[in-house]
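Student: all I have is the shape, not the residue letters:
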Ligand SMILES: NC(=O)C1=CN([C@@H]2O[C@H](COP(=O)(O)OP(=O)(O)OC[C@H]3O[C@@H](n4cnc5c(N)ncnc54)[C@H](OP(=O)(O)O)[C@@H]3O)[C@@H](O)[C@H]2O)C=CC1
Ligand SMILES: O=C(CO)COP(=O)(O)O
């Protein structure tokens, strides 16, 4: 059994710690708030994040140096905007080489960097090739209850991905591997934009037809952006692509869907984020993807519409009207070309 530190004691960090503790590992859950570590260690609950009892062998730490002392693997699960800060701290205190896994889903506005790239940039002894991503349709609320869940791990070095697979795999948490880290990271990040859209659609009172259209056409534009950055288009048909799109667009557990739902009901972005109390990654990722799509002339009308609702205060109904009245086109056009090109390689 291994000694593993999980950095980030929100809902996902807590749920992944439970999986690791169930597998018999010595798990240290690090939080940047001392009072939260004390509550977890006395009540064995992380009340504001996950309504579930935490195994007693799972210990929360506030001191990062203590949390990572002598561990063989570190799982980073803070919101994407905190990745660089946490890695900078880690870089000054890590005394030995470990397996680094991350489970965060977002990309950085301006740079469009993926999380493994940010980790590689902030940690001297590591490159993005060393990092493993864990992603897939996996709401913390269900993982914490040991309900059947499947995810995918990926790294440039397949041995690292297999190490992560061995750490997490159990009878209710099935872990696949994939060689396509670019696609796995982008699938997990970009689906949050579409989940905001699905929430907006439900908030407006539209039905299943509209949501199915958003998921399907959303998948098309995510695939377009992903492949332009080097992802394999087939990855978007797997768990971290269509799988994660389905789970986030159709579940009340999703923070992105819930935020979108409030926007669709007429609330403003600031008030929505104030009441969420948890990270809504899709907001920053919409900004990043929209900037990139405009610059590279990649067709992403749904992302662009959601950007206008979030940042230009455009009325969601007007955005839907614009989307529905775009120029007539063939459904498959460039996607068919993408898939054909990939198959013929
Ligand atoms: N929740 C889920 O089901 C899933 C989430 N994810 C991804 O995991 C990542 C984390 O999400 P989730 O756990 O839901 O988020 P939460 O909002 O539930 O928790 C985020 C945690 O990170 C902490 N944090 C924020 N900034 C820092 C910082 N600078 N240093 C240290 N800790 C910090 C927060 O602390 P504080 O309490 O002080 O705010 C909080 O404990 C996201 O990228 C998300 O997309 C992926 C799959 C499933
Ligand atoms: O990524 C997730 C499930 O796979 C969680 O999505 P939310 O952040 O929208 O809750």
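Tutor: Nice, I can see it. Keep in mind that this is a model prediction, so the values were computed, not measured. Ligands and ions are numbered 1, 2, ... in the order given.

Student: per-residue confidence for whatever residue of the chain ends up closest to ligand 1?
Tutor: Closest to ligand 1 within the chain is residue 10: 1.7 Å, counting by Cβ to the nearest ligand atom. Any C-beta I mention is one placed from the backbone N, CA and C, and that applies to glycine too. The score at residue 10 is 97. That number is its pLDDT.

Student: residues contacting it?
Tutor: 49, 77, 78, 79, 278, 279 (Cβ atoms under 8 Å, 6 or more residues apart in numbering).

Student: of those - the most surrounded one?
Tutor: Taking other Cβ atoms under 10 Å as the neighbour criterion, residue 77 ranks highest of the contacts of residue 10 with 26 neighbours.

Student: surely that residue meets residue 4?
Tutor: No - if you go by Cβ atoms under 8 Å, residue 77 and residue 4 don't touch, sitting 11.8 Å apart.

Student: quick check: residues of the stretch 51-200 of the chain near ligand 1?
Tutor: With the criterion set to Cβ under 6 Å from any ligand atom, the stretch 51-200 of the chain comes near ligand 1 through 77-80, 82, 85-86, 103-106, 138-140.

Student: mind putting these into a markdown table with distance to residue 95 and secondary structure?
Tutor: Listed next are those as a markdown table, based on distance: Cβ to Cβ, whole Å; DSSP: H, G, I helix; E, B strand; the rest coil:
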| residue | distance to residue 95 | secondary structure |
| --- | --- | --- |
| 77 | 22 | coil |
| 78 | 21 | coil |
| 79 | 27 | coil |
| 80 | 27 | helix |
| 82 | 23 | helix |
| 85 | 20 | helix |
| 86 | 17 | helix |
| 103 | 24 | coil |
| 104 | 24 | coil |
| 105 | 30 | coil |
| 106 | 29 | coil |
| 138 | 32 | coil |
| 139 | 35 | coil |
| 140 | 31 | helix |
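
Student: and which of these is nearest residue 118?
Tutor: When these are compared for distance to residue 118 (Cβ to Cβ), residue 80 wins out at 7.9 Å.

Student: check contacts around the nearest residue to that closest one once chain neighbours are set aside.
Tutor: Take residue 80 and drop its neighbours on the chain: the residue closest to it by Cβ to Cβ, 6 or more residues apart in numbering is residue 106, 3.0 Å away. Residue 106 sits next to 79, 80, 81, 115, 189, 192, 281, 284, 285 when contact means Cβ under 8 Å, 6+ apart.

Student: quick one: the fifth one from ligand 2, how far?
Tutor: Spelled out, it's residue 189. From residue 189 across to ligand 2, the span is 9 Å (Cβ to the nearest ligand atom, to the nearest Å).

Student: just the pLDDT at the closest residue to residue 79 other than its chain neighbours, thanks.
Tutor: Closest residue in space to residue 79, ignoring its immediate chain neighbours: residue 279 at 4.1 Å, by Cβ to Cβ, 6+ apart. You'll see residue 279 listed with a pLDDT of 94.

Student: I figured residue 279 hits residue 104, correct?
Tutor: No - assessed by Cβ under 8 Å, residue 279 is found out of contact with residue 104, at 9.0 Å.

Student: which residues do the two both contact?
Tutor: residue 79.

Student: still on that earlier bit, mind putting the contacts of residue 106 into TSV with secondary structure?
Tutor: Formatted as TSV, those follow (DSSP: H, G, I helix; E, B strand; the rest coil):
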residue	secondary structure
79	coil
80	helix
81	helix
115	helix
189	helix
192	helix
281	coil
284	helix
285	helix
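
Student: can I get the residues you listed in CSV including distance to residue 65?
Tutor: Shown next, in CSV, are the contacts of residue 106 (distance: Cβ to Cβ, whole Å):
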residue, distance to residue 65
79, 22
80, 24
81, 23
115, 23
189, 30
192, 32
281, 28
284, 29
285, 32
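
Student: of the residues you listed, which is the most crowded?
Tutor: Result: residue 192 is most packed of these (other Cβ under 10 Å), 31 neighbours.

Student: how confident was the prediction at it?
Tutor: 98.

Student: tell me if I'm right that it and residue 285 touch.
Tutor: Yes - when contacts are counted by Cβ under 8 Å, residue 192 is listed as touching residue 285 (5.4 Å).

Student: if anything else comes up later, I'll come back, but that's it for now.
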